[in-house]
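# need a structure here:
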Amino acid sequence: MNSSSSEDRMKKMESIRSRATIAAILLGSGVIILFCIIPLVHPHNTTTLGILGFCLIIAGIFFCSGLVGENKKLYKETFVEETIKKNFDDVFYAWKTGFSKDDIIDFKLFRNGLKYKSEDYLKATHKGIDFEMSDIMIVYDTSKDGKFDTFQGRVMVFGFPDKTIEPTRIISKSFYSRNGINDGIVKNSEKAEMENAAFNNAFLVYSANPHDSFYLLTPHFMERLMVLNEKYDSIALCFEYNKVIVAFNENGKHNAFDGSMINEKLRYSEEIAKVQSDIDDLKYIIETISFAPRKVSPVTPTDLNAKQPA
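Sure thing, here's the model as predicted:
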């Protein structure tokens, strides 16, 4: 994308911001007339004011119509897509779409939800590692306080043709308490504990072959997972033969690749820096997963003291 097209889109976003400001003024004025001024005036004067208030609200809605979607499209094209292509190879980016409900269920990291939503789909390569990712929201049943429990975060899927690790789940305890896991995972797996007490306090490990988990979770790899667990609200990983799935629950605190509010003035360099920061986080996650051993050999926990995997 050349600079002139970026400048054109920036001008369009500035125009949208101006229209949004006008819409907010119209809506606000209509609400003030209907709910603040009318109750204070003589009943004979309320008809005209009521009509004026409704007209202002309708005008505000008219000005707002389509602005959010148009602004989001321009933001993705101007800041996100351009920056992604500068950082990754073989990029396919479709911000309107994401993983399907069936995909999410097949990840086997979440209990069944009432509603699924996914967007910001990205498929690319980083340093020879293929991955795909998407933002995901899962709405579960209501909790004891009557509110809906949700997963709001990101899922990344990695393909490692040379990785041969039997199904192993590494789930932070905060992730488990919030999202649970599919009961079938526990039934078909054994719980394993590492020799690292701090890691055991933070994570649950279930594996179809506990020996694999001891080989997989080297001290270096556990250390990097602990860093990720500090950074995000909660995390979960699924290693299954040549595929690795990583879920990060950000609890709605941050939505990667999304811009500021529509009424905020954008500065090109600042927005590019925000997107680059999100991409740098992705790179750290990708490089963390790449530290996992590629193949598993038949070792036992006691063998680890004598031999560590390369």
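# shaky segments in the stretch 101-250 of the chain?
Within the stretch 101-250 of the chain, the stretches with pLDDT under 70 are 142-147, 162-163, 178-187.
# show me the helices in it, by range?
101-106, 173-179, 183-187, 197-202, 210-216, 219-231 (DSSP state H, counting those that start in this stretch).
# can you tell which of those is closest to Val31?
Nearest to Val31, of all the helices of the stretch 101-250 of the chain, is helix 173-179, at 36.9 Å by C-beta to C-beta. From N, CA and C alone the C-beta is placed, and that goes for glycine too.
# got the contact list for the closest one?
Helix 173-179 has contacts (C-beta atoms under 8 Å, 6 or more residues apart in numbering) with 109-111, 138, 140, 149, 151, 201-204, 233-236, 247, 249.
# just to revisit the earlier point, so which of the helices of the stretch 101-250 of the chain is the most packed in?
Counting by mean count of other C-beta atoms under 10 Å, helix 210-216 has the highest mean neighbour count of these, with a mean of 22.
# just the CA atoms of that helix, as CSV, please.
Taking C-alpha atoms only, helix 210-216 is exported to CSV below (Å, rounded to 0.1, in the frame of the first residue of the first chain):
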residue,chain,number,x,y,z
PRO,A,210,2.7,-38.3,31.1
HIS,A,211,6.2,-39.1,29.9
ASP,A,212,5.6,-36.8,27.0
SER,A,213,4.7,-33.9,29.3
PHE,A,214,8.0,-34.3,31.3
TYR,A,215,10.0,-34.2,28.1
LEU,A,216,7.9,-31.4,26.7
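# thinking again about what came up before, narrow the contacts of helix 173-179 to those in strands?
Of the contacts of helix 173-179, the ones assigned to strands by DSSP state E are 138, 140, 149, 151, 203-204, 234-236, 247, 249.
# reformat the helices of the stretch 101-250 of the chain as CSV; add distance to Phe88.
CSV is the format used below for the helices of the stretch 101-250 of the chain (distance: least, C-beta to C-beta, whole Å):
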stretch, distance to Phe88
helix 101-106, 21
helix 173-179, 27
helix 183-187, 31
helix 197-202, 30
helix 210-216, 26
helix 219-231, 20
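# could you give the number of residues near Thr218?
As a burial measure, Thr218 scores 18 neighbours (other C-beta atoms under 10 Å).
# now do Met137
Using other C-beta under 10 Å, Met137 is surrounded by 17 other residues.
# surely Ile33 touches Leu49?
Yes: using C-beta atoms under 8 Å, Ile33 is in contact with Leu49, at 5.6 Å.
# who has more neighbours out of the two?
Counted by other C-beta under 10 Å, Ile33 and Leu49 do not tie: Ile33 has more neighbours, with 21 against 14.
# can you tell me the closest non-neighbouring residue to that one?
Distance criterion C-beta to C-beta, 6 or more residues apart in numbering; nearest residue to Ile33, sequence neighbours excluded, is Gly53 at 3.6 Å.
# touching, that neighbour and Leu34? I think so.
Yes: the pair Gly53 / Leu34 is scored as a contact, 4.0 Å apart, by C-beta under 8 Å.
# neighbour count winner among those two?
Gly53 (21 against 18).
# what helices or strands is the host helix or strand of that one leaning on?
According to DSSP states H and E, Gly53 maps onto helix 46-64. When contacts are defined as 3 or more C-beta pairs under 8 Å, 6 or more residues apart in numbering; DSSP states H and E, helix 46-64 packs onto helix 3-32.
# pull out the buried positions in the helix it packs on.
Neighbour-count burial for helix 3-32 flags 6, 9-10, 13, 16-17, 19-20, 23, 26-27, 29-30 (criterion: 16 or more other C-beta atoms under 10 Å).
# ok so, going back, tell me how far the residue nearest to Ile33 lies from Gly28.
In this view, Gly53 and Gly28 are 11 Å apart by C-beta to C-beta, to the nearest Å.
# equivalent analysis for Tyr140, please.
From Tyr140 to Gly28 the distance is 36 Å (C-beta to C-beta).
# do Pro219 as well
Separation of Pro219 from Gly28 (C-beta to C-beta): 58 Å.
# and Ala292, by the same measure?
Distance from Ala292 to Gly28, by C-beta to C-beta: 54 Å.
# cool, and Asn249?
Remark: distance between Asn249 and Gly28 (C-beta to C-beta) = 36 Å.
# first to last residue in stretch 62-73, what's the distance?
End-to-end span of stretch 62-73 (C-alpha to C-alpha, to the nearest Å): 19 Å.
# next: stretch 250-265.
End residues of stretch 250-265 are separated by 26 Å (C-alpha to C-alpha).
# and stretch 73-93, by the same measure?
So stretch 73-93: terminal residues 13 Å apart, C-alpha to C-alpha.
# in it, which residues are buried?
Quick answer for stretch 73-93 (16+ other C-beta under 10 Å): 74-81, 83-84, 88, 93.
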